[in-house]
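Novice: Need a 3D model of the following:
(2 chains)
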Amino acid sequence: ETGVTQTPRHLVMGMTNKKSLKCEQHLGHNAMYWYKQSAKKPLELMFVYSLEERVENNSVPSRFSPECPNSSHLFLHLHTLQPEDSALYLCASSQGGSHEQYFGPGTRLTVT
Amino acid sequence: KQEVTQIPAALSVPEGENLVLNCSFTDSAIYNLQWFRQDPGKGLTSLLLIQSSQREQTSGRLNASLDKSSGRSTLYIAASQPGDSATYLCAVVNRDDKIIFGKGTRLHILP
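Specialist: As a prediction, the model looks like this:
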């Protein structure tokens, strides 16, 4: 595997379910990001981890819970989501916070 | 507060034409600017990264320019092809390491 991978690619969940999104980067980067992309809106940065520590949380609801166990893996734990949380969730990594970002293919999430 | 605007939101041009996509930003104190391509339902692919000290970057048929003082960047695509059809996004990284994306320009190349 090369680059940034995300699983699953598609996820349908009910509002009472608990699920997790996984991201893995094979680039030796030290920063990882979660983004949300909704229709007709700019990409929204959700969380930033640098050296496995969370450095930014852009006022994301607590029903989204990130986890970064090491510099190569990033998770987004989901529980009691709302239909408006349906979106494409993108993971990215970079070497440092200001360098070129590399994105994964995304997880298309549908909350029913 | 940094705002990034991309105009137009959508663009259709015949195959073979050269075209320019525009990106503007309100705060010139940026660290870098990056252009991405996104195919429908897919992740973003980095095209070009311009550091704040640079004026332009080139990769193949793509050329990106940066004018910090006017808060503008352009992405020039030469000899467009149907495979260039995608959404093109620009993003700026501020001096405080925050990254702000534009909404993108949806490009359609007509065969």
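Novice: so what strands line up beside the worst-scoring helix or strand of chain B on mean pLDDT?
Specialist: Within chain B, confidence by mean pLDDT, DSSP states H and E is lowest for strand B:99-101 among all helices and strands, at a mean of 90. The partner list of strand B:99-101 in its sheet, established with DSSP bridges, is strand B:86-94 (antiparallel).
Novice: and residue A:29, what does it touch?
Specialist: Residue A:29 is in contact with A:71, A:93-95, A:102, counting by CB atoms under 8 Å, 6 or more residues apart in numbering or on different chains. The C-beta positions use only the backbone N, C-alpha and C, and glycine is treated the same way.
Novice: Those: which ones sit near chain B?
Specialist: Intersecting those with the contacts of chain B gives residue A:102 (criterion: CB under 8 Å from any CB of the partner chain).
Novice: In TSV, list the contacts of residue A:29 along with distance to residue A:82.
Specialist: Putting these into TSV (distance: CB to CB, whole Å) gives the following:
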residue	distance to residue A:82
A:71	31
A:93	28
A:94	30
A:95	35
A:102	30
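Novice: In strands only, show me the contacts of residue A:29.
Specialist: Among the contacts of residue A:29, the members falling in strands are A:93-94, A:102 (criterion: DSSP state E).
Novice: what sits up against the least confident helix or strand of chain B?
Specialist: Residues lying outside strand B:99-101 but in contact with it, judged by CB under 8 Å, 6+ apart, are A:42-43, A:45, A:101, B:2-4, B:25, B:89-94.
Novice: quick one on the thing from earlier: take the ones in strands among the contacts of residue A:29 and lay them out in a markdown table including neighbour count.
Specialist: Listed next are the ones in strands among the contacts of residue A:29 as a markdown table, based on neighbours: other CB atoms under 10 Å in any protein chain shown:
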| residue | neighbour count |
| --- | --- |
| A:93 | 27 |
| A:94 | 22 |
| A:102 | 20 |
